[in-house]
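J.: Sequence plus predicted model, see below.
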Amino acid sequence: MAVPESGSPVIQVVDAGIRFRRNKSAKRSFKDLFSDSSRRSRPGEFWALRHVSFDVHRGEAIGVVGRNGQGKSTLLKLVAEVVLPDEGRIRVREGVAPLIEITGGFVNDLSVRDNVYLTAGLHGMSKDEIRASFDEIIDFAEIAEFVDTPYKHLSSGMKVRIAFAVIARLDEPIILVDEVLAVGDRAFREKCYKRIEEMVASGRTLFLVSHNEKDLRRFCERGLYLEKGALVFDGPIDEALDIYNAALDSKAPAKSA
Ligand SMILES: Nc1ncnc2c1ncn2[C@@H]1O[C@H](COP(=O)(O)OP(=O)(O)OP(=O)(O)O)[C@@H](O)[C@H]1O
């Protein structure tokens with residue numbers, strides 16, 4: 001991967017839009033198939049993100065805030081290049097360690113050991129590198145006695161532990177964190193946050209999606225506030241949270257006297 005010139009953004013999102021279909025069974029017309037794809041009218045479609053533009057420089061720590069279903073996770077998937085934009089463009093010039101849906105790539109019938117090799121390998125680590133950091137990964141997850149257990153027999157918290165331990169071991173310069181850690185117990189969550197803090201302190205770029213203000217203020221200086229798929233505010237995290245909270249208050253049901 002090309003190393004970006006210093007000063008140039010590591011992520012550029014330009015007028016990006018992603019649309020989904022609410023109702024997968026909705027039928028497209030014959031005419032739709034022959035029309036220009038960007039103008040095709042597809043039944044039940046909506047824009048999960050639209051006209052979103054921003055740049056990110058190396059080392060920035062960005063919190064993404066908004067109510068449920070406003071496009072936060074979709075934005076992270078866009079940066080992870082798990083989904084491609086239907087409109088606009090995105091350029092990600094450095095590697096990404098996605099702590100989003102982290103357990104997704106794990107195979108139920110394989111042991112923890114095989115899953116570590118598989119997932120770390122898929123993220124570009126060589127067998128020797130995995131072998132060298134295997135014990136450290138298992139220690140971090142604190143599941144030494146389950147190394148040969150099929151993944152499907154781990155508890156949901158243990159699944160997140162091992163998945164986090166693998167992804168957090170990657171050297172990728174951009175880290176994406178969605179609320180995956182909500183499943184872990186408090187002690188493990190704190191350990192993960194310490195690890196994320198170290199990663200940020202070493203100059204990596206962070207995207208954090210969270211509904212927890214304390215966490216957002218702890219890690220992030222910059223905030224992106226999304227509403228109905230639009231980037232409504234991009235600026236200091238404190239201001240982003242103020243705007244988000246004001247929007248929440250204005251939508252809250254009036255208190256009865
Ligand atoms: N693969 C998909 N297919 C269809 N619709 C989707 C898909 N992924 C997300 N959506 C929809 O896109 C919208 C944005 O979803 P997204 O997960 O980005 O929201 P969010 O802001 O992260 O929400 P939350 O805070 O609840 O996690 C929602 O209406 C969701 O139902």
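T.: Right, received. Where do you want to start? Numbering: from 1, shown residues only.
J.: Enumerate the residues of this structure near the ligand.
T.: 20, 48, 66, 68-74 (C-beta under 6 Å from any ligand atom). Glycine gets a C-beta too; all of them are placed from N, C-alpha and C.
J.: Let me have those in JSON lines, extended by secondary structure and distance to D55.
T.: Output for the residues of the chain next to the ligand, formatted as JSON lines (DSSP: H, G, I helix; E, B strand; the rest coil; distance: C-beta to C-beta, whole Å):
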{"residue": "F20", "secondary structure": "strand", "distance to D55": "25"}
{"residue": "A48", "secondary structure": "strand", "distance to D55": "21"}
{"residue": "G66", "secondary structure": "coil", "distance to D55": "20"}
{"residue": "N68", "secondary structure": "coil", "distance to D55": "27"}
{"residue": "G69", "secondary structure": "coil", "distance to D55": "26"}
{"residue": "Q70", "secondary structure": "coil", "distance to D55": "21"}
{"residue": "G71", "secondary structure": "coil", "distance to D55": "18"}
{"residue": "K72", "secondary structure": "helix", "distance to D55": "18"}
{"residue": "S73", "secondary structure": "helix", "distance to D55": "21"}
{"residue": "T74", "secondary structure": "helix", "distance to D55": "19"}
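J.: Pick out whichever of the residues you listed sits closest to V112.
T.: Checking the residues of the chain next to the ligand against V112 with C-beta to C-beta, the nearest one is S73 at 26.4 Å.
J.: Just list the residues touching the nearest residue to that closest one once chain neighbours are set aside, thanks.
T.: Leaving aside its chain neighbours, S73 sits nearest to D178 (5.6 Å; criterion: C-beta to C-beta, 6 or more residues apart in numbering). Contacts for D178 (C-beta atoms under 8 Å, 6 or more residues apart in numbering) come out as 72-73, 76, 99-101, 209.
J.: let's see 10 Å
T.: 64, 72-73, 75-77, 80, 98-102, 207-210 (C-beta atoms under 10 Å, 6 or more residues apart in numbering).
J.: ditto for E179
T.: Taking C-beta under 10 Å, 6+ apart as the test, what E179 contacts is 72-73, 99-100, 208-212, 215.
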